[in-house]
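Enquirer: kindly return the folded structure for what I paste below:
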Amino acid sequence: MLLRDRELTMLSAGRPNINRPRGCTSKGSHFMTMNRTRSGWCLLACFLMISSICMSQQKFDVVYLKSGGKVIGTLVEKKEGIPVIIQMQSGEQLTIPWADIKSFDVIVVHPQKIDSAAATQAVELPPENALYAEAAGVGLLYSLNYERMVSDNVSLRIGYSSWSFTLPFIFVSESVSFTGIPIMVNLLEGRGNSKLEIGGGLQFCQVTTTSSTVGFFNSGSSSTSASTGFTPIGVASIAYRYQPNGGGLHFRAALDPLISSGGIKMTIGLSLGACF
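Expert: Coordinates of the predicted model:
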């Protein structure tokens, strides 16, 4: 009986002590506590990192142009049918005609990735000036013209033409000289590089005719001359115009009525030049 009590005492001494004193923890529970602490710090660091990235990002408006370019900035004014105003990061405001816009979008990027020069690098704005020569047309034989855009779809044109020629006959020669200065206002309709032009205005022109009779049966000769002085006549134009955004080749094919007290005379003009 004493031997059995001793064996039970030894067996109980070899068991692990499950009922530990209060305040004592095992190594496993200590490691679990440390892992939980580390996980909490990692989650906090990730949250702060994501918050920092979100705060450093900004939304920018993108205007895609029909010419293939795009403008990145902040829209200041956007109403359908009127020019759109967009502010670049540099503070500069850019006005884009509604007819040149293809679509809009919004992007989220880091501010350092937006550069105002790079944002407008691909932008091709409509040219404001044009220099071209017109064969026939309002100048009858030719004219040299300068055109300036005064709004998004209205231009002011001024030209100059001066020429003369003589028709010799056996006994009589006829010479005609012409000087014309057309001043016109054009309305341009259309999107992209091709436009319909409808214009009208006045041309101040002077026509001088001289008739000379050469003596053949006698030694005498005579000549008579008549001039209209600078007289205004009405001019108009209905034309197809190719005028690419960003500048370059300028081409026109026009039907030009000339309106005076003697009636209406129709002429056709072809223009070639440069726009910038």
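Enquirer: count of residues packed around residue 161?
Expert: Using other Cβ atoms under 10 Å, residue 161 has 21 other residues around it. Yep, even glycine has a C-beta here, placed from its N, CA and C like the rest.
Enquirer: does it really touch residue 136, like I thought?
Expert: No: Residue 161 is beyond contact range of residue 136, at 10.4 Å (criterion: Cβ atoms under 8 Å).
Enquirer: shared neighbours of these two, anything?
Expert: Counting by Cβ atoms under 8 Å, 6 or more residues apart in numbering, the shared contacts of residue 161 and residue 136 are residue 142.
Enquirer: ok, which stretches of the stretch 101-250 of the chain are helices?
Expert: Using DSSP state H, counting those that start in this stretch, the helices of the stretch 101-250 of the chain run over residues 116-119.
Enquirer: just for it, where's the confidence low?
Expert: Scanning the stretch 101-250 of the chain for pLDDT under 70 picks out 107-124, 169-171, 214-222.
Enquirer: let's see that with 80 instead.
Expert: Scanning the stretch 101-250 of the chain for pLDDT under 80 picks out 106-125, 167-173, 191, 212-224.
Enquirer: ranges for the strands of it?
Expert: 101-109, 129-136, 142-149, 154-168, 172-189, 194-213, 222-227, 231-242, 248-260 (DSSP state E, counting those that start in this stretch).
Enquirer: can you name every helix or strand that the third one contacts?
Expert: It stands for strand 142-149. Contacts defined by 3 or more Cβ pairs under 8 Å, 6 or more residues apart in numbering; DSSP states H and E place strand 142-149 against strand 129-136, strand 154-168, strand 172-189.
Enquirer: of those strands, which approaches residue 270 most closely?
Expert: Nearest to residue 270, of all those, is strand 129-136, at 5.0 Å by Cβ to Cβ.
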